[in-house]
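A.B. asks: structure, please.
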Amino acid sequence: MLQGFTSSTVKTRDGIDIHVTTGGKGRPLLLLHGYPETHVMWHKIAPRLTQRFAVVMPDLRGYGDSAKPRGDERHALYSKRTMAQDQIDVMSALGFSRFQVVAHDRGARVLHRLALDHSDAVERAVMLDIAPTAAMYARSSREFSTAYFHWFFLIQPFDLPERLIGAEPDYWIDRLRGAFAGGSGVFTDDAMAEYRRCFRDPATIHATCEDYRASATIDLEHDAADAAKRVQCPLLILWGAKGVVGRLFDPLALWREKAIDVRGHALPCGHFLPEEAPEETLAALNDFLVP
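C.D. replies: Numbering: from 1, shown residues only. Coordinates of the predicted model:
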């Protein structure tokens, strides 16, 4: 799926091994994946992005082939602040102090914190199919809770979700992807095999639950403390016209409360933009990113 790319491991300042896949030449472009995926989610657009950029695709801590430390009581090891620092460490190890970022789902939540905590590092930011975490929780409704049931399931105390997902991880992956995709036949067999492989590891299941637990606890604390801060770099918001985010929220209005320069639009797909609508996603990125 990613022929011509190189894989390596970068050790962060707190000793966490991050699996990184790189390719291409030019200005650095960091791609961050979402749940329940890995860097492989970029396989339909990354090869063409390498024609203009030095593409860096890590597996977030807890995902894919990156390290999966056991969670702590405050879920700090999976706070978006900690996961954002991972990305600074990765890019620094590769020789990049300033870069552009495209991020989907959980990765986009890491990007939000990255842009707040390390504004000098992020030149331009693209967030795919999210509204701000605190806003989504605050505006929760029956319809949202039904559609995004996993938000409330995964934050339950250890080890309830871990045991239930672990009983049949392939079913969990297949059910989630079917629920949030805008149609059938979206995902390649190779990509699905990779996502299933990773979720068969109990450590991945636990780590990804910790990611969600952090978002409902320590991440909200950090967001509240930084309520007055705004993302300083240009921000592009893209979402799926067939998805939950655009149907239940106003992504542009909500992000304009969090950033000073916001633009964006919907694409004709569900939640998984780079896999469902690769051509439209690539066109939007090429229009916005600076080569």
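A.B. asks: wait, I155 touches E210, no?
C.D. replies: No. Look at I155 against E210 with C-beta atoms under 8 Å: they stay out of range, at 9.6 Å. In short, each C-beta sits where N, CA and C put it, glycine included.
A.B. asks: quick one, which of the two is more surrounded?
C.D. replies: More crowded of I155 and E210, by other C-beta atoms under 10 Å: E210, with 26 against 18.
A.B. asks: list the residues that contact that one.
C.D. replies: Each residue near E210 by C-beta atoms under 8 Å, 6 or more residues apart in numbering is listed here: G62, G71, H75, L77, Y78.
A.B. asks: and the residues you listed, which two are the farthest apart?
C.D. replies: Based on C-beta to C-beta, the longest span within those runs between G62 and H75 and measures 11.2 Å.
A.B. asks: who's more crowded, these two?
C.D. replies: Each of G62 and H75 has its neighbours counted (other C-beta under 10 Å); G62 has more, 25 against 21.
A.B. asks: hey, where'd the strands end up in the stretch 51-200 of the chain?
C.D. replies: According to DSSP state E, counting those that start in this stretch, the stretch 51-200 of the chain carries its strands in the segments 53-58, 99-104, 122-128.
A.B. asks: can I get those in a markdown table with mean neighbour count, mean pLDDT and distance to R247?
C.D. replies: Conversion of the strands of the stretch 51-200 of the chain to a markdown table gives the following (neighbours: other C-beta atoms under 10 Å; pLDDT from 0 to 100; distance: least, C-beta to C-beta, whole Å):
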| stretch | mean neighbour count | mean pLDDT | distance to R247 |
| --- | --- | --- | --- |
| strand 53-58 | 25 | 98 | 29 |
| strand 99-104 | 25 | 99 | 18 |
| strand 122-128 | 24 | 98 | 16 |
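A.B. asks: mind checking how far the stretch of helix or strand D223 belongs to is from the chain centre?
C.D. replies: Using DSSP states H and E, D223 maps to helix 218-225. Offset of helix 218-225 from its chain centre (C-alpha atoms, centre = their mean, to the nearest Å): 18 Å.
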